[in-house]
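Trainee: Sharing a model that was predicted from the sequence below.
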Amino acid sequence: MSKTNSVPDGGKSTAKLVASLVDLGFSQYEGRTYAGLVGQPPQTGYWVSKETQVPQPKVYETLGRLVERGAIVQVDDKPARFVAVPPQRLLAQMRAAFQHRVATAELEISRLRAASTEVRSVRPYWEAESWESIKATVDSFITNARERLHVSGHTEHLAQLKTTVHAADDRGVRIDILCFGEPPFELRNGFVVRHTSTDKIVYPHHQARHLALAADNEHALWALARDGEDWQAIWAENDNLLPALVKGFIRHDMYVQRTFGDFSEELIAMYGPGLEGMVNPNFKRMRTKQTGQNRRTA
């Protein structure tokens, strides 16, 4: 019988087909066998072994598994010959089988949840414990941002993100940044708001450093160094919860700082230096009469 198809490794298309089948759950032998039979008339196991380099002791076992999968059909007995199911039909069968398995899994999950109200799921997050790995993750999030970034951090750490931040700004990504200290850059498509409410106020916890970022409501990172040096961070990709939390924190803090910039004298008079009265229940407010004094805008 004349040969009308090359072995799987003989062409890029066939090699890609084998790789795709392996991704879909086929073994290498199964993928090579099916690819070798596509477009062929019924062939024997000997032919398959010779043309696909599947070892002869394994070829009939492989053919049997493909028959069970519905990928090939045995059409003769003496000798046994096999033909490939057309690829479109095979893929349709696999798609239907996968959808059925997903539906079954969803049904069993719903039954499990209904059976016990105490079931708790675990939400996995990535961790990092060095500034280098934290910066690499943040750079990646900024580089891949499509529409929106919220960032909060101290000057010395934001400055190290300058290149990727400017590149995102040039791409038209809207970026809002809350900066502790002098801002290390300016933006065209957003705000850099300086955290000024605690300027010149020294608290023991001010040695702590943090970096927070939320990107496109999908990715987020929260990093903290309580002593200013030893970092810990969690981050997530394609998540709904952490980005919402980080974005909400940054936006709320930015609102407070912009409000403080416009009404700093009134707020300090009411809540004291560093706005301590907002969080200290023992602080005695000092209300001052408004006498038409000019408001200071940051």
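Mentor: It's in. This is a predicted model, so every value here is computed, not measured.
Trainee: contacts, neighbours, all on C-alpha from now
Mentor: Will do.
Trainee: where are the low-confidence patches of the stretch 101-250 of the chain?
Mentor: Counting by pLDDT under 70, the low-confidence segments of the stretch 101-250 of the chain come to 113-121, 199-206.
Trainee: residue boundaries of the strands in it?
Mentor: Using DSSP state E, counting those that start in this stretch, the strands of the stretch 101-250 of the chain run over residues 126-128, 148-154, 174-180, 190-194, 209-215, 219-225, 232-236.
Trainee: Okay, angle between the fourth one and strand 174-180 too, please.
Mentor: Pointing back at strand 190-194 there. Using axes from the mean of the first three to the mean of the last three C-alpha atoms, to 10 degrees, the interaxial angle of strand 190-194 with respect to strand 174-180 works out to 10 degrees.
Trainee: by contact count, what packs against strand 190-194?
Mentor: Packed against strand 190-194, as judged by 3 or more C-alpha pairs under 8 Å, 6 or more residues apart in numbering; DSSP states H and E, are the following elements: strand 174-180, helix 241-271.
Trainee: what sits up against that strand?
Mentor: 174-183, 186, 254, 257-258 (C-alpha atoms under 8 Å, 6 or more residues apart in numbering).
Trainee: Check the residues you listed for burial and list the buried ones.
Mentor: Using 16 or more other C-alpha atoms under 10 Å as the burial test, the contacts of strand 190-194 include 174, 175, 176, 177, 178, 179, 180, 183, 254, 257, 258 as buried.
Trainee: I'd like the distance between the last one and residue 197.
Mentor: When C-alpha to C-alpha, to the nearest Å is applied, the distance between residue 258 and residue 197 equals 10 Å.
Trainee: same deal with the second one?
Mentor: Using C-alpha to C-alpha, we find residue 175 at a distance of 22 Å from residue 197.
Trainee: just the fifth one next, same as before
Mentor: Residue 178 sits 12 Å away from residue 197, going by C-alpha to C-alpha.
Trainee: joint contacts of these two?
Mentor: When contacts are counted by C-alpha under 8 Å, 6+ apart, residue 178 and residue 197 are jointly contacted by no residue.
Trainee: Spit out the contact partners of residue 151.
Mentor: 175, 176, 177, 178, 211, 212, 213, 214, 250.
Trainee: no no, residue 170
Mentor: Counting by C-alpha under 8 Å, 6+ apart, there are no residues that residue 170 touches.
Trainee: Show the pLDDT at the residue lying farthest from the centre of the chain.
Mentor: When distances to the mean C-alpha position of the chain are computed (C-alpha atoms, centre = their mean), the maximum falls on residue 78, with 55.0 Å. Listed pLDDT for residue 78 reads 85.
Trainee: One more: residue 291?
Mentor: pLDDT for residue 291: 41.
Trainee: What of the one 4 residues further on?
Mentor: With respect to pLDDT, residue 295 scores 35.
Trainee: And residue 259, how close does it get to residue 253?
Mentor: 10 Å.
Trainee: what's the residue nearest to residue 154 when sequence neighbours are not counted in contact with, if anything?
Mentor: Leaving aside its sequence neighbours, residue 154 sits nearest to residue 180 (C-alpha to C-alpha, 6 or more residues apart in numbering; 4.5 Å). Residue 180 is in contact with 152, 153, 154, 155, 194, 195, 196, counting by C-alpha under 8 Å, 6+ apart.
Trainee: Closest one of those residues to residue 86?
Mentor: Proximity of these to residue 86 (C-alpha to C-alpha) peaks at residue 152, which lies at 55.9 Å.
Trainee: Can you report how many residues neighbour the closest one?
Mentor: Close neighbours of residue 152, defined as other C-alpha atoms under 10 Å, add up to 29.
Trainee: What residues are bridge-paired with it?
Mentor: For residue 152, the beta-bridge partners are residue 178, residue 212 (DSSP bridges).
Trainee: roughly how far apart are the nearest residue to residue 210 once chain neighbours are set aside and residue 250?
Mentor: The spatially closest residue to residue 210, leaving aside those adjacent along the chain, is residue 224, at 4.4 Å (C-alpha to C-alpha, 6+ apart). Residue 224 sits 14 Å away from residue 250, going by C-alpha to C-alpha.
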